[in-house]
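Asks: Everything below, folded, please.
(one chain, ligands or ions: 1)
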Amino acid sequence: MRTDELLALDRAHVWHPYGPMPGRAEPLVVASASGVRLHLAEPSQGRTELIDGMSSWWSAVHGYNHPVLNEAARGQLDRMSHVMFGGLTHEPAVRLAARLVEITPEPLRHVFLSDSGSVAVEVAAKMCLQYWRSLGRPDKRRLLTWRGGYHGDTWQPMSVCDPEGGMHQLWSGVLQQQVFVDEPPAAYEESYAELLRTTVARHADELAAVIVEPVVQGAGGMRFHDPAYLRVLREACDAHGVLLVFDEIATGFGRTGTLFAADQAGVSPDVMCLGKALTGGYLSMAATLCTGTVADGISQGEVPVLAHGPTFMGNPLASAVACASIDLLLSQDWAREVKRIEAGLRDGLAGTEDLPGVRDVRVLGAIGVVQLDHEVDMAAATRAAVREGVWLRPFRDLVYTMPPYVTEDADLARICAAVRAAATAG
Ligand code: PMP
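Replies: From the prediction side, this is the model:
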């Protein structure tokens, strides 16, 4: 199809994330992708290929078109691309579940394999509410979270996204009213820890769970916080009979420098959500893990089943690729690569804080963020990055990158140059 025809059809019929938006820039047409490069169907700003600074929203940690992941997909495709999971099971899903239990914090034991991060969070909420229902405490049905979070675009996740600054204000009268506490400061402050403790204590009777993104609040503002707050939450939840959910959909599989962000605090949640990099960004799959205690609680209830069963649950193709992606990650010194990227981002973004309009620059693991003192002009910033030969997706007051772990130093330097160009565009 010719690119102009494709774009006309796209304009006429296709929804994009958070679209359509008046005056939005036309999307670029990607013909293929390999390694860390997106190959465009037609040149844009003189570029036919772009270095991907986004890992397709945290997910493509090994880059694109990876021979090992391709082989895993092909091998499974020849056997069975999908089969219903009700009453049937298969090796790829079982192997994946066992592998996830092996690599995640100790008491997590049961794995629900769904098809997107938002659904993984829905399932987590359902598990927690149902656990308390089963124990005769249906009044424990609210969730507590801190402001500035982002957990997805379906109903329960939207209810725990930031109610004011966030993207889901439109639904504020419709969503379940959750309990919010201020967003965590970057550094440890005892007064904030105390606020967490007292808020959990005050609402314990109505709380099913606390849900947070550990260490990095992603799409809600790309902010980092001291892992010690996770220990505070664990202690408060234990003291007051509240479950703890970590949403590691963005942070899981090494992005922050540890395999899971929670590892930095040495604490385990009762429920954990994974997605994005689970399949190396190849296929739509997410997972919700819970402890034996949560699963046993649910199975002791009046309705002893977790009533959730998506059609594509445990998809064999995605499971096989997820297993291969985890093996690939763990077979390498991935932590060294993430450290290398962290160092490259620190070097490459050094001095950016002195540019006009820049409020803050922060780097953690394979994540680099430039926060502006104004809303970014998305179209101008994207154009500026493309001119540098890099794909970025700035939003709100943020220009940021989370490159694939396989990004070489020279490409990383170009990503940093593009972040700087985007931060000063418009
Ligand atoms: N939780 C977090 C922390 C996320 O970053 C995201 C996606 N940005 C989600 C949940 C939702 O995942 P998905 O887009 O796959 O539904």
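Asks: What count of nearby residues applies to the residue in the stretch 301-426 of the chain that the ligand sits nearest to?
Replies: Closest residue of the stretch 301-426 of the chain to the ligand, Cβ to the nearest ligand atom: Met402 (10.5 Å). Quick note: C-beta positions are derived from backbone N, CA and C, even for glycine. For Met402, the neighbour count with other Cβ atoms under 10 Å is 29.
Asks: Phi first, then psi, for it.
Replies: Phi and psi for Met402, reported as degrees, to the nearest 10, are phi -140, psi 80.
Asks: State the distance from it to Ala295.
Replies: 33 Å (Cβ to Cβ, to the nearest Å).
Asks: Per-residue pLDDT of the nearest residue to the residue of the stretch 301-426 of the chain closest to the ligand once chain neighbours are set aside, please?
Replies: In this structure, Met402 finds its nearest non-sequential neighbour in Ile367, 4.8 Å apart by Cβ to Cβ, 6 or more residues apart in numbering. As predicted, Ile367 sits at a pLDDT of 98.
Asks: Can you report how many residues lie near Ile367?
Replies: 25.
Asks: what sits up against the one helix or strand Arg359 maps to?
Replies: In this structure, Arg359 sits in strand 358-364 according to DSSP states H and E. Strand 358-364 has contacts (Cβ atoms under 8 Å, 6 or more residues apart in numbering) with 186, 215-216, 222-224, 256-257, 342, 345-346, 349, 352-353, 368-373, 397, 423.
Asks: Among the residues you listed, which ones are in helices?
Replies: Glu342, Leu345, Arg346, Leu349, Ala423 (DSSP state H).
Asks: In space, what's closest to the residue of the stretch 51-200 of the chain found nearest the ligand - neighbours in sequence excluded?
Replies: Closest residue of the stretch 51-200 of the chain to the ligand, Cβ to the nearest ligand atom: Gly117 (2.1 Å). What sits nearest to Gly117 in space, not counting adjacent residues and going by Cβ to Cβ, 6+ apart, is Gly275, at 3.5 Å.
Asks: show me where the stretch 251-400 of the chain has helices.
Replies: Using DSSP state H, counting those that start in this stretch, the helices of the stretch 251-400 of the chain run over 292-299, 316-330, 334-349, 378-387.
Asks: Can you add distance to the ligand, mean pLDDT and mean neighbour count and give those back as a markdown table?
Replies: Converted to a markdown table, the helices of the stretch 251-400 of the chain look like this (distance: least, Cβ to the nearest ligand atom, whole Å; pLDDT from 0 to 100; neighbours: other Cβ atoms under 10 Å):
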| stretch | distance to the ligand | mean pLDDT | mean neighbour count |
| --- | --- | --- | --- |
| helix 292-299 | 19 | 98 | 17 |
| helix 316-330 | 12 | 98 | 23 |
| helix 334-349 | 18 | 98 | 19 |
| helix 378-387 | 17 | 96 | 21 |
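Asks: Same list as before, the ones you listed that is, but in CSV and with distance to Leu6 included.
Replies: Below are these laid out as CSV (distance: least, Cβ to Cβ, whole Å):
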stretch, distance to Leu6
helix 292-299, 47
helix 316-330, 26
helix 334-349, 34
helix 378-387, 18
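Asks: Check the burial of Leu372 by counting its neighbours.
Replies: Neighbours of Leu372 (other Cβ under 10 Å): 22.
Asks: again with Trp57
Replies: 16.
Asks: and what of Met272?
Replies: Met272, neighbours per other Cβ under 10 Å, totals 28.
Asks: for it, what are its contacts?
Replies: Counting by Cβ under 8 Å, 6+ apart, Met272 has contacts Thr104, Pro105, Leu108, Val245, Phe246, Glu248, Phe260, Ala262, Thr288, Leu289, Cys290.
Asks: In this model Leu289 seems to touch the first one, though I could be wrong.
Replies: Yes - with contacts counted by Cβ atoms under 8 Å, Thr104 reaches Leu289, the gap being 5.8 Å.
Asks: Those two: which has the busier surroundings?
Replies: Leu289 (28 against 24).
Asks: For the ligand, see how far away the more buried one is.
Replies: 14 Å (Cβ to the nearest ligand atom, to the nearest Å).
Asks: Leaving out chain neighbours, which residue sits closest to that residue?
Replies: Leu108 (4.2 Å).
Asks: Can you add pLDDT and distance to Arg37 and give the contacts of Met272 back as TSV?
Replies: Formatted as TSV, the contacts of Met272 follow (pLDDT from 0 to 100; distance: Cβ to Cβ, whole Å):
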residue	pLDDT	distance to Arg37
Thr104	98	32
Pro105	95	35
Leu108	98	36
Val245	99	36
Phe246	98	33
Glu248	98	28
Phe260	98	29
Ala262	96	33
Thr288	99	33
Leu289	98	34
Cys290	98	39
